[in-house]
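> fold the following, please.
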Amino acid sequence: MAALRLLCGRDAAEVTQALDAIEAHLLDAGAAAPEAMQLRLVAEEIVTNIARCAWPEGDVRQFAVELATEARPDGLHVRMTTVDDGMPFDPTNQPPPDIDAGLDEREVGGLGMLLVREMTDGQHYAREGGQNRFSVERLFPRAA
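Next up is the predicted model:
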């Protein structure tokens, strides 16, 4: 199993650096380029939301992003976990957006988590020791 652990700040440049490192790690672990891009998109949604929303404006903080990859007989298993000490927030309890509603009638938000749900096989949230722990998992099957 290969692992990557990053500390990320709230600055956009730090977020981009973290996303670049995640994508590179996935490619090094054997993910195909389209798979690495999918997980980068998922990571971007999660990491950007933490950077923007976990703490009050102007509060300088860092949070952890952990990525574990494991080659299995059925494919490449990926687990990404974020850990932050921001306000409690369980993204798995957010209602799905009404994508059938017109733009003027649609509530703001929710599309990012819809993307995360659609592009991963599982999501898990826990609040432990004053920290949010959010994990997503994905198995990229071996090519036939």
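> Arg5: neighbour count?
Neighbours of Arg5 under the rule other C-beta atoms under 10 Å: 11. No exception for glycine: its C-beta is placed from N, CA and C like everyone else's.
> please read the previous query as pertaining to Phe140.
Phe140, neighbours per other C-beta under 10 Å, totals 22.
> how about the helix or strand encompassing it as CSV, C-alpha atoms only?
Applying DSSP states H and E as the criterion places Phe140 in strand 131-141. Provided in CSV are the C-alpha atoms of strand 131-141 (Å, rounded to 0.1, in the frame of the first residue of the first chain):
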residue,chain,number,x,y,z
GLN,A,131,-12.0,17.0,14.1
ASN,A,132,-14.0,16.3,11.0
ARG,A,133,-12.8,13.1,9.3
PHE,A,134,-14.2,12.6,5.8
SER,A,135,-13.2,9.7,3.6
VAL,A,136,-14.1,8.7,0.1
GLU,A,137,-13.2,5.4,-1.6
ARG,A,138,-13.0,4.3,-5.2
LEU,A,139,-12.0,1.0,-6.8
PHE,A,140,-10.7,1.4,-10.4
PRO,A,141,-11.1,-2.0,-11.9
